[in-house]
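I need the structure of the sequence given here:
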Amino acid sequence: MYQQTHHFKQHHYLVINTKPKKIVTLMNWKYTIGRDSSSDIVVANDMISRIHATVEKISDLSQGTYQYELIDGVVEGKSSFNGVFVNGSRVQRHTLVNGDRILFGGVVKAVFYSSSQIITKEDSLADFSQITQYGCSSLLDENEATTIML
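Alright, predicted model coming up:
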């Protein structure tokens, strides 16, 4: 007898309030954010350190899920000069949850969005761009972002 398998699908986005605004679909294990051109997510602003923050994926193998942790500066411990704030509080490390408001260097705003859903095996084969488009449109209004970085 064939048994239907279900998977837990997660979508994570970082919306950065730059001109133009950026939606970053988080899929990799690690991202660096900063003004240096070698950063994974470049934010051109003098108040932003060369490597201002790091976003790192944390897996929960027992649940088959993962989350993202925001780190001020680099993982090895060197913090940014002007800090990282989440929901109004300065943080060194913070496990991101849906709706977290982030402030980099006191000047660049961002919002973290996370959605999770149970999907069937057939659903998981759907075109990635449709999943991404659905995830963003359900979380953001049409004026929220003008560019998408994958």
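
Only C-alpha atoms from now on, for both contacts and neighbour counts.
Fine.

can you pull out the helices in the protein?
Under the criterion DSSP state H, the chain contains helices at 121-124, 128-139.

Apart from its neighbours in sequence, what residue is nearest Gln92?
The shortest distance from Gln92 to any residue other than its chain neighbours is 4.9 Å, reached at Asp72 (C-alpha to C-alpha, 6 or more residues apart in numbering).

bridging residues for that neighbour?
With DSSP bridges as the criterion, Asp72 is bridged to Ala53.

For Ala44, see how far away it is.
Relative to Ala44, Asp72 is positioned 17 Å away (C-alpha to C-alpha, to the nearest Å).

now Val107
Distance from Val107 to Ala44, by C-alpha to C-alpha: 11 Å.

More neighbours: which of those two?
Ala44 (16 against 13; other C-alpha atoms under 10 Å).

ok, the closest residue to the more buried one other than its chain neighbours - contacts?
The spatial neighbour of Ala44 that comes closest, neighbours along the chain excluded (C-alpha to C-alpha, 6+ apart), is Arg35 at 4.9 Å. For Arg35, the contact set (C-alpha atoms under 8 Å, 6 or more residues apart in numbering) comprises Val42, Val43, Ala44, Asn45, Asp46, Ile48, Ser49, Arg50, Ile51, His52.

Let's see the PyMOL selection covering just the buried ones among those.
The PyMOL command for the buried members of the contacts of Arg35 (criterion: 16 or more other C-alpha atoms under 10 Å) is given here:
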select buried, resi 42+43+44+48+49+50+51+52
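
That's all I had, so thanks and see you.
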